[in-house]
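Student: give me a model of this one.
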Amino acid sequence: MEDTQNHKDYRNIDIDQVGVKGIRYPITVLDRDMGRQQTVAKINMYVNLPRYYKGTHMSRFVEILNEHSRRISLQNFTEILEEMKRRLNAESAHMEITFPYFIKKSAPVTGIEGLMEYQCTFKGSLNNGSDLLIVIRVPISTLCPCSKEISDFGAHNQRGEVRLQVRFQRFVWIEDLIKLVESSASTEVYSVLKREDEKFVTEKAFENPMFVEDVVREIAVQLGADPNITWFAVEAENFESIHNHNAYAYVEKHLHHSG
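Tutor: Below you'll find the model as predicted:
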């Protein structure tokens, strides 16, 4: 049958990214405690399209996914990108995999366990070189230092979210990034808390007031000291409890670690 995609195009315009978006697909992610975790990802796959081709072969993207089945992970990300370039005769390839990642977390006093969900994304590009980064969204809780200072009793607190992006030299555990973020807030967020736990969390936040500026700076200090991290971008957003707006802060930094 005639292959329309390979017809010539005479408009003389390169397309930077063409492909498929929003594929729901089961993947396997390395889990430090359980070994492996099965989850369901939303996947975007793109390649470049030179000006002389009319279209790309969309079905080949899904074929590549099917051939890797559940073996889609951070470890073989570059391998999949290389296959995309080869099978689609492309100069560059890009893939984004977004998925919920679950961690069993114990309450701070009673130790009762519950599952916490964290939204994670792996992004990879292959052009002249390869580029791979991890994005995680971590819920946090902060207590306002200003409110604590000026109030006769109490202080307002709120739940927030940190969005962290990192580039790295060697493999990095999702769990370590999440722990780093959670340790940089007034207190952590839990899925299950009994009264003793709630007392502990409330008092811990009161003793550890933080602005969004404090949160991103704390995370930046820790990442800056990690020789495995080559670049990061961190943003914190507080879903304010007494304002009709959110508080926001952002830090981005290239690190020049040797090795």
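Student: helices along the stretch 151-259 of the chain, start to end?
Tutor: Along the stretch 151-259 of the chain, the stretches classed as helices by DSSP state H, counting those that start in this stretch are 174-182, 195-207, 212-224.
Student: tell me where the chain has strands.
Tutor: Taking DSSP state E, the strands of the chain run over residues 15-31, 35-49, 93-106, 113-126, 130-143, 157-168, 187-188, 229-238, 247-254.
Student: which strands or helices does the fourth one pack on?
Tutor: Read it as strand 113-126. Contact analysis of strand 113-126 by 3 or more C-beta pairs under 8 Å, 6 or more residues apart in numbering; DSSP states H and E lists helix 77-87, strand 93-106, strand 130-143, helix 174-182 as its packing neighbours. In short, each C-beta sits where N, CA and C put it, glycine included.
Student: wait, which of the ones you listed is closest to residue 213?
Tutor: strand 130-143 (10.6 Å; C-beta to C-beta).
Student: which secondary structure elements does the closest one contact?
Tutor: Right, strand 130-143 is packed against helix 77-87, strand 113-126, strand 157-168, helix 174-182, strand 187-188, helix 195-207, helix 212-224, strand 229-238 by 3+ C-beta pairs under 8 Å, 6+ apart.
Student: how far away from the center of its chain is the fourth one?
Tutor: In other words, helix 174-182. Centroid separation for helix 174-182 versus its chain: 11 Å, with C-alpha atoms, centre = their mean, to the nearest Å.
Student: that one - contacts with which helices or strands?
Tutor: With contacts defined as 3+ C-beta pairs under 8 Å, 6+ apart, helix 174-182 has these neighbours: strand 93-106, strand 113-126, strand 130-143, strand 157-168, helix 212-224.
Student: identify each buried residue in the third one, please.
Tutor: In other words, strand 130-143. Neighbour-count burial for strand 130-143, counted by 16 or more other C-beta atoms under 10 Å, picks out 132, 133, 134, 135, 136, 137, 138, 139, 140, 141, 142, 143.
Student: minimum distance to residue 31: which of the helices and strands packed on strand 130-143 has it?
Tutor: Proximity to residue 31 (C-beta to C-beta) singles out helix 174-182 among these, at 8.2 Å.
Student: what would the helices of the stretch 151-259 of the chain look like in JSON lines with mean pLDDT, mean neighbour count and distance to residue 39?
Tutor: Below are those laid out as JSON lines (pLDDT from 0 to 100; neighbours: other C-beta atoms under 10 Å; distance: least, C-beta to C-beta, whole Å):
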{"stretch": "helix 174-182", "mean pLDDT": "96", "mean neighbour count": "19", "distance to residue 39": "11"}
{"stretch": "helix 195-207", "mean pLDDT": "96", "mean neighbour count": "15", "distance to residue 39": "27"}
{"stretch": "helix 212-224", "mean pLDDT": "97", "mean neighbour count": "18", "distance to residue 39": "25"}
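Student: same list (those helices) but as CSV, adding distance to residue 73.
Tutor: Shown next, in CSV, are the helices of the stretch 151-259 of the chain (distance: least, C-beta to C-beta, whole Å):
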stretch, distance to residue 73
helix 174-182, 11
helix 195-207, 34
helix 212-224, 23
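Student: with adjacent residues omitted, what lies nearest to the residue nearest the centre of the chain?
Tutor: Nearest to the mean C-alpha position of the chain, by C-alpha atoms, centre = their mean, lies residue 135 at 1.9 Å. Counting by C-beta to C-beta, 6 or more residues apart in numbering, residue 121 is the residue found nearest to residue 135 once chain neighbours are left out, at 4.0 Å.
Student: could the strands of the chain be laid out in CSV, adding mean pLDDT and distance to residue 210?
Tutor: Output for those, formatted as CSV (pLDDT from 0 to 100; distance: least, C-beta to C-beta, whole Å):
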stretch, mean pLDDT, distance to residue 210
strand 15-31, 89, 30
strand 35-49, 91, 31
strand 93-106, 96, 21
strand 113-126, 96, 20
strand 130-143, 96, 5
strand 157-168, 96, 10
strand 187-188, 96, 9
strand 229-238, 97, 9
strand 247-254, 96, 11
